[in-house]
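Student: Only the shape, not the letters, is given here:
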Ligand SMILES: Nc1ncnc2c1ncn2[C@@H]1O[C@H](COP(=O)(O)OP(=O)(O)OP(=O)(O)O)[C@@H](O)[C@H]1O
């Protein structure tokens, strides 16, 4: 299957007054046509920075210092700002954590979605645009789309605003939709509804989806593949079943243990400690300081990836055949 997006050895550094934060450290992954990839990991492990680098919307003090972001084989880091502007919102769209910040409170929601079409689909007539907006509102499960078209964001509930945000992102039928924690600002019932919606959309549109979340639990029913990130690195990737039924990295195992209702249902096992600071990231495995199985080598050297199956690999010294002999 064709790779729509391929990120190769991506490195992103952030300059701050105190020093350089190594937010993304040699990250590689690919996204195939029509699949949903979940990027999972605790707060501060580099998920958002990776996606902002893909979209070329890094903050001013951050930059890609190495690696490539290939979209249909073309390196986006070489694109001019203008070319990127054309691509964003049209070929690659992103949904942000809080729809209240991405929607304009002074503009009717229908008009806001039309703006995206005006910008990227210049050939459309006003009538066609209006028709498309009503269609999109309907697609994302907004009832009475004709009426909703003329309403302002504050007249909608949080869940409906999130749906409008998704409609806006899908307006131009993008090849890739990146959803950065689409659920955090919402209550649990709405979270479930939005994830259901994403799942339905998967069937209706041919868009490939990347979901970024700190909650491994929410991706079980929606992701095809999972990339687990920790300390600015991807530490394990695999099909969703591999990750849930035969996790290989100790961090993935710890994340699974911390999901409410998983395994030993009576007790939650939060991961003790906190992720490493990325100003001076550890030389070895970033999880070594919190790992239940740490060996001396873990703290000194970063392990390579060990294949666990066809598309399942993890970077953990425990997987080295020599570890079993010790
Ligand atoms: N604008 C910024 N200036 C300086 N440092 C930043 C900035 N944004 C993020 N960072 C730092 O970069 C690192 C990676 O952050 P990033 O937001 O990518 O993590 P994340 O995994 O997406 O976390 P979250 O789930 O909280 O968004 C963190 O150490 C964070 O503190």
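Tutor: Okay, I see it. Here the structure is a predicted model, which means the values were calculated and not measured. Residues are numbered from 1 along each chain as shown.
Student: List the contacts of the closest residue to the ligand within the stretch 201-326 of the chain.
Tutor: Nearest to the ligand, among the residues of the stretch 201-326 of the chain, is residue 278, at 4.4 Å (CB to the nearest ligand atom). For the C-beta atoms, the positions are set from N, CA and C on the backbone; glycine is no exception. Contact analysis of residue 278 by CB atoms under 8 Å, 6 or more residues apart in numbering lists 21-23, 25, 44, 46, 231-232.
Student: Tell me if I am right that it is in a helix.
Tutor: No. Read with DSSP: H, G, I helix; E, B strand; the rest coil, residue 278 is coil and lies in no helix.
Student: rewinding a little: now tabulate the contacts of residue 278 in TSV and tack on pLDDT and distance to residue 193.
Tutor: Below are these laid out as TSV (pLDDT from 0 to 100; distance: CB to CB, whole Å):
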residue	pLDDT	distance to residue 193
21	97	36
22	97	37
23	97	32
25	97	36
44	90	28
46	94	29
231	96	33
232	97	33
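Student: returning to that earlier point: where does the residue of the stretch 201-326 of the chain closest to the ligand land on pLDDT?
Tutor: Note on residue 278: pLDDT of 95.
Student: and what of residue 64?
Tutor: So, for residue 64, pLDDT stands at 96.
Student: Name all residues that make contact with it.
Tutor: So residue 64 contacts 10-12, 53, 58, 77 (CB under 8 Å, 6+ apart).
Student: so is it in a helix, a strand, or just coil?
Tutor: Residue 64 - assigned by three-state DSSP - is strand.
Student: ditto for residue 309
Tutor: coil.
Student: To what extent is the nearest residue to it once chain neighbours are set aside buried, counted in neighbours?
Tutor: Closest residue in space to residue 309, ignoring its immediate chain neighbours: residue 242 at 6.3 Å, by CB to CB, 6 or more residues apart in numbering. The local packing of residue 242 (other CB atoms under 10 Å) involves 22 other residues.
Student: now swap in residue 59 and tell me
Tutor: 10.
Student: in the stretch 101-250 of the chain, which ranges drop under the pLDDT threshold?
Tutor: Residue ranges of the stretch 101-250 of the chain with pLDDT under 70: 101, 182-188.
Student: Which parts of it are strands?
Tutor: 176-180, 208-213, 225-230, 233-239 (DSSP state E, counting those that start in this stretch).
Student: Can you add mean neighbour count and distance to the ligand and give those back as TSV?
Tutor: Output for those, formatted as TSV (neighbours: other CB atoms under 10 Å; distance: least, CB to the nearest ligand atom, whole Å):
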stretch	mean neighbour count	distance to the ligand
strand 176-180	23	7
strand 208-213	24	7
strand 225-230	26	7
strand 233-239	24	11
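Student: Reformat those strands into CSV and put distance to residue 86 next to each item.
Tutor: Converted to CSV, these look like this (distance: least, CB to CB, whole Å):
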stretch, distance to residue 86
strand 176-180, 15
strand 208-213, 19
strand 225-230, 28
strand 233-239, 29
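Student: These: which one's closest to residue 290?
Tutor: strand 225-230 (9.4 Å; CB to CB).
Student: Residues contacting that closest one, please?
Tutor: Contacts for strand 225-230 (CB under 8 Å, 6+ apart): 27, 29, 35-42, 45-47, 50, 216, 219, 234-240, 243, 249, 251-252, 255, 275, 286-287, 311.
Student: ditto for stretch 46-58
Tutor: 5, 7, 10, 12, 14, 23-25, 27, 39-41, 59, 62, 64, 69, 76-77, 79, 81, 84, 88, 92, 94, 178, 180, 210, 212, 229, 231-233, 278.
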